[in-house]
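In: based on what follows, work out the 3D shape:
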Amino acid sequence: MSRLLFWLALAVLVVFAIRSKLRASGLKPPRDSRADYIPREGASEPMACCAHCGVYFPASEAVHADGRDYCSPAHVRLPSK
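Out: All right, here's what the predicted structure looks like:
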């Protein structure tokens with residue numbers, strides 16, 4: 001049992017040593033890239049609000065009618081709020 005604990009402790013120490021060396025060199029250990037995602041400045045797009053349902057969506061996808069923005073052509077025919 002003591003041999004198993006010794007090898008387990010040694011493995012943990014090796015992992016911590018490798019991680020500390022990576023951090024010291026400025027490299028990051030591999031991670032899920034989506035968890036560290038930070039949008040760049042200017043990468044966001046203006047949002048528009050649908051005049052019928054109130055859903056926000058990218059302004060580039062807006063359907064313009066009667067001076068209002070709609071999320072789909074079907075909502076253009078329906079009354080606005």
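In: check which residues of the one helix or strand A17 maps to are buried.
Out: Using DSSP states H and E, A17 sits within helix 2-25. Buried residues in helix 2-25, defined by neighbour count with 16 or more other CB atoms under 10 Å: none. Every residue, glycine included, has its C-beta placed from N, CA and C.
In: right, and the helix or strand after that helix?
Out: Toward the C-terminal end, the helix or strand that comes next after helix 2-25 (DSSP H and E) is strand 47-49.
In: pLDDT on the next helix or strand after that following strand, on average?
Out: Sequence-wise, the next helix or strand beyond strand 47-49 is strand 56-58, with elements assigned using DSSP H and E. In this model, strand 56-58 has a mean pLDDT of 92.
In: list the buried residues for strand 56-58?
Out: For strand 56-58, by 16+ other CB under 10 Å, it's F57.
In: how close does A17 sit to S25?
Out: 13 Å (CB to CB, to the nearest Å).
In: ignore what I typed, I meant C53.
Out: From C53 to S25 the distance is 52 Å (CB to CB).
In: same thing with H52?
Out: Taken as CB to CB, the span from H52 to S25 is 55 Å.
In: now M47
Out: 41 Å.
In: same question, C50
Out: Applying CB to CB, the value for C50 to S25 is 50 Å.
In: can you check C71 too?
Out: On the measure of CB to CB, C71 and S25 end up 48 Å apart.
In: also H75?
Out: Separation of H75 from S25 (CB to CB) stands at 54 Å.
In: domain parsing of the protein, as residue ranges.
Out: What the record gives for the chain is the domain set 1-31, 43-81, from automatic domain parsing.
In: worst mean pLDDT among those domains?
Out: domain 1-31 (a mean of 84).
In: now do that domain: distance to the chain's middle.
Out: Using CA atoms, centre = their mean, to the nearest Å, the mean C-alpha position of domain 1-31 is found 29 Å from that of the whole chain.
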